[in-house]
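K.L.:
Give me coordinates for this.
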Amino acid sequence: MSSLLNVEASFDLAENLYHYEKDLIIIGGPTCVGKSLIAMELAKKIDGVLINADSVQVYEDLRLLSARPSEEDMRQIPHFLYGYVKAEKNYSIADWLQQLHKVLDNLKKIKKTAILVGGSGLYLNSVINGLAPIPRLKEEIKKESLLKLNEIGIDNFKEINFNIDPKFVAKNCDKHRLLRSYGVFLQTNKNMTYWYKKSRQGAIKRKIYSFLINLERELIYRRCELRFDNMLKEGALEEVKKIHESNVDRSLPVAKCLGVKWLLSYLDKKISFEEAIKLSKRDTRRYVKRQITWFSHNYIPYKRIYLK
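P.N.:
Numbering: from 1, shown residues only. As a prediction, the model looks like this:
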């Protein structure tokens, strides 16, 4: 597909816009539109490197289900922030943004242009606008919060959190978010809603050239379904079996990833393999729809690139 794209013209290479120290290129868009392939071609043209901005491709254990770049691609062009997080880690946007700052600082030393590529809207938003300055929890606070949860049970724990911060809990009621909500209040005597109203911090202080890659929606759906079928043929179920055998907490982000959630249910013998495939494809279509909506309302690109 990207062979039909004139990279020089699409990314205005004749104008010599991009400086390795001052600029950041973002290639965003819905899943399965060919962002990584296009980013690879651009990187070859401008001596750039690729940095992951996909919340699933961070996981070490999900090479296939995250559609992580191949080892051959990684040999051709340096890739950063791909496949470095263990499944059992409760990894956050704040963790990723902190790592991104470190990568960009290191790239200045080797004079490489950074190309950020991915479709996770909240990741891209953190780059452009920063994050609410919610304090990192001390280990003793984490332990105290978990002890409280285990002592009174999830329903009572949710009720306590609701009394602390009804607005936050109304939209965030899984175990890990409740633990964080309780811990933040315990540590700061302020709830999550208070912190979200504070000025954001950590935005990347560079000139950002953001590009939006898109396709006709029905074509994206078909490509996603075909890709999922191919993932299964290549061994995606075996990836999920390893997560299943490790008894990863189902409230962790990795257990909610597209494909993982329903394949875990199949391995739990709660649904059939056919149902797991059907539901995974359904959720992927819904995710694509949400991505398209998010990019339409929250992402102002330097240039839109619509593929056919």
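K.L.:
Can you tell me how far residue 21 is from residue 114?
P.N.:
For residue 21, the distance to residue 114 equals 10 Å [CB to CB, to the nearest Å]. C-beta: built from backbone N, CA, C; applies to glycine.
K.L.:
what do you get for residue 99?
P.N.:
Distance, residue 99 to residue 114, using CB to CB: 13 Å.
K.L.:
cool, residue 162 as well?
P.N.:
Taken as CB to CB, the span from residue 162 to residue 114 is 42 Å.
K.L.:
quick one, which of those two is more surrounded?
P.N.:
When neighbours are counted by other CB atoms under 10 Å, residue 162 and residue 114 differ, and residue 114 comes out ahead with 24 against 16.
K.L.:
give me the beta-bridge partners of that one?
P.N.:
Each beta-bridge partner of residue 114 is listed here, defined by DSSP bridges: residue 49.
K.L.:
Check whether it really touches residue 107, as I assumed.
P.N.:
Yes: using CB atoms under 8 Å, residue 114 makes contact with residue 107 at a distance of 5.4 Å.
K.L.:
Are there residues contacting both of the two? Which ones?
P.N.:
Residues touching both residue 114 and residue 107 (CB atoms under 8 Å, 6 or more residues apart in numbering) are 20, 49.
K.L.:
what's the closest residue in space to residue 81 that isn't next to it in sequence in contact with, if anything?
P.N.:
Spatial nearest neighbour of residue 81, excluding adjacent residues (CB to CB, 6 or more residues apart in numbering): residue 52 at 4.3 Å. Residue 52 is in contact with 58, 79, 80, 81, 82, 117, 118, counting by CB under 8 Å, 6+ apart.
K.L.:
Which members of those residues occur in strands, if any?
P.N.:
79, 80, 117, 118 (DSSP state E).
K.L.:
Nearest to residue 304, out of the residues you listed: which one, please.
P.N.:
Distances from residue 304 to the ones in strands among the contacts of residue 52, taken as CB to CB, are shortest for residue 117 (15.9 Å).
K.L.:
how about the biggest helix by length in the chain: buried residues?
P.N.:
Of all the segments of type helix in the chain, defined by DSSP state H, the longest one is helix 273-298. Across helix 273-298, burial judged by 16 or more other CB atoms under 10 Å covers 276, 277, 279, 280, 281, 283, 284, 288, 291, 292, 294, 295.
K.L.:
Also stretch 82-95?
P.N.:
Buried residues in stretch 82-95 (16+ other CB under 10 Å): 82, 83, 85, 87, 90, 91, 92, 93, 94.
K.L.:
Tell me how far that stretch lies from the chain's centre.
P.N.:
10 Å (CA atoms, centre = their mean, to the nearest Å).
K.L.:
Kindly report the same for stretch 189-208.
P.N.:
For stretch 189-208, the distance to the chain centre is 18 Å (CA atoms, centre = their mean).
K.L.:
for stretch 70-88, same thing?
P.N.:
Using CA atoms, centre = their mean, the offset of stretch 70-88 from its chain centre is 14 Å.
K.L.:
Rounded mean pLDDT for it, please.
P.N.:
The average pLDDT for stretch 70-88 rounds to 95.
K.L.:
I'd like to check what contacts that stretch. Which residues are they?
P.N.:
Residues contacting stretch 70-88 (CB under 8 Å, 6+ apart): 36, 40, 43-44, 48-52, 57-63, 66, 68-69, 91, 96, 99-100, 103, 112, 243, 246, 248-249, 252, 254.
K.L.:
Run through the residues that contact the residue nearest to residue 272 when sequence neighbours are not counted.
P.N.:
The shortest distance from residue 272 to any non-neighbouring residue, by CB to CB, 6+ apart, is to residue 266 (6.9 Å). Residues near residue 266 by CB under 8 Å, 6+ apart: 272, 273, 275, 276.
K.L.:
helix, strand or coil for the residue most central in space within the chain?
P.N.:
Most central residue of the chain, judged by C-alpha distance to the mean C-alpha position with CA atoms, centre = their mean, is residue 55 at 1.7 Å. Using DSSP: H, G, I helix; E, B strand; the rest coil, the structure places residue 55 in coil.
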